[in-house]
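Peer 1: test case, fold it:
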Amino acid sequence: MSWTDERVELLKKMWGEGQSASQIAKELGGVTRNAVIGKVHRLGLSNRATSSAKSAEAKEKPAPAPKAAPKPKPQPKTEPARPAAAQPAASANSEAKPSLPARKQIIPAGQPLPPQPSANEISPEALAKVNEIEKKAKKLSLMELTERTCKWPVGDPATEDFWFCGLPVQQGKPYCEAHVGVAFQPMSARRDRKR
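Peer 2: Got it, this is the predicted structure:
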């Protein structure tokens with residue numbers, strides 16, 4: 001199917017009347033709805049004449065302004081205003097409202113993190129075991145790790161002294177027995193930390 005001048009004129013006419021692309025495709029025959037939409041965009045007809053005319057009329061016609069209520073006549077003041085009396089009422093209202101639970105703080109990017117759980121929360125026995133194990137570690141690089149080697153990182157990754165433990169892993173875990181004891185703490189210890 002080719003877009004003849006006659007078909008293009010019919011497309012423009014129907015589009016201007018507000019017909020849908022599906023209706024135009026059905027009328028033209030041999031074209032899909034998407035083909036009609038594509039042709040409309042290539043011709044620069046994407047704004048409908050009927051819908052834009054209606055929206056232009058709506059924009060031109062300002063909404064009727066509401067009638068202003070007559071202003072009351074000013075009354076002479078008999079008592080001076082007492083701001084001190086208003087304050088206790090406001091504080092009484094604030095005390096009556098229930099307090100909302102505290103939300104977790106969201107830290108914007110680039111800001112330092114709050115203090116994290118420290119090594120003090122890990123048992124001294126586990127730390128002693130880790131220190132002993134790290135003396136026996138194979139000190140592997142990232143490329144030397146396998147599914148059977150402990151992937152516990154040691155040191156600063158920005159330095160040449162950085163390495164991974166490399167000892168045999170505990171069944172079903174990514175770390176050796178000593179590092180599993182540090183990484184996977186019992187649920188009760190984590191609950192106590194949050195309180």
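
Peer 1: correct me if wrong: Val180 contacts Pro168.
Peer 2: No - counting by Cβ atoms under 8 Å, Val180 sits too far from Pro168 to count as a contact (11.7 Å). (Each C-beta comes from the backbone N, C-alpha and C, glycine too.)

Peer 1: neighbour count winner among the two?
Peer 2: Each of Val180 and Pro168 has its neighbours counted (other Cβ atoms under 10 Å); Val180 has more, 17 against 12.

Peer 1: and that one, what is it in contact with?
Peer 2: By Cβ atoms under 8 Å, 6 or more residues apart in numbering, the contact set of Val180 is 170, 173.

Peer 1: what stretches of this structure score poorly on pLDDT?
Peer 2: For the chain, residues meeting the criterion pLDDT under 70 lie at 1, 46, 48-122, 186-195.

Peer 1: mind running it again at 50?
Peer 2: 52-53, 86, 90-92, 94, 119-120 (pLDDT under 50).

Peer 1: ok, the residue nearest to Val154 when sequence neighbours are not counted - contacts?
Peer 2: Leaving aside its sequence neighbours, Val154 sits nearest to Trp163 (Cβ to Cβ, 6 or more residues apart in numbering; 5.5 Å). Residues in contact with Trp163 (Cβ under 8 Å, 6+ apart) are 137, 139-141, 153-155.

Peer 1: looking at the residues you listed, which is nearest Met14?
Peer 2: Checking the contacts of Trp163 against Met14 with Cβ to Cβ, the nearest one is Pro153 at 67.1 Å.

Peer 1: the nearest residue to the closest one once chain neighbours are set aside: what's it in contact with?
Peer 2: Using Cβ to Cβ, 6+ apart and skipping residues adjacent in sequence, the residue nearest Pro153 is Phe164, 5.8 Å away. Shown in contact with Phe164 (Cβ under 8 Å, 6+ apart): 139-142, 144-145, 149-154.

Peer 1: let's see it at 7 Å
Peer 2: 140, 142, 145, 150-154 (Cβ atoms under 7 Å, 6 or more residues apart in numbering).

Peer 1: buried subset of these, written for PyMOL?
Peer 2: To isolate the buried ones among the contacts of Phe164 in PyMOL, judged by 16 or more other Cβ atoms under 10 Å, type:
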select buried, resi 140+150+151+152
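
Peer 1: could I get the full set of strands for the chain?
Peer 2: Using DSSP state E, the strands of the chain run over 153-154, 163-164.

Peer 1: could you say which one of the ones you listed comes nearest to Ala128?
Peer 2: Nearest to Ala128, of all the strands of the chain, is strand 153-154, at 16.0 Å by Cβ to Cβ.

Peer 1: so what strands line up beside that closest one?
Peer 2: Sheet pairing for strand 153-154, assigned by DSSP bridges, gives strand 163-164 (antiparallel).

Peer 1: first-to-last residue distance for stretch 134-149?
Peer 2: Distance between the two ends of stretch 134-149: 13 Å, counting by Cα to Cα, to the nearest Å.

Peer 1: tell me the buried residues in it?
Peer 2: Neighbour-count burial for stretch 134-149, with 16+ other Cβ under 10 Å as criterion, is recorded at 134, 137, 140, 149.
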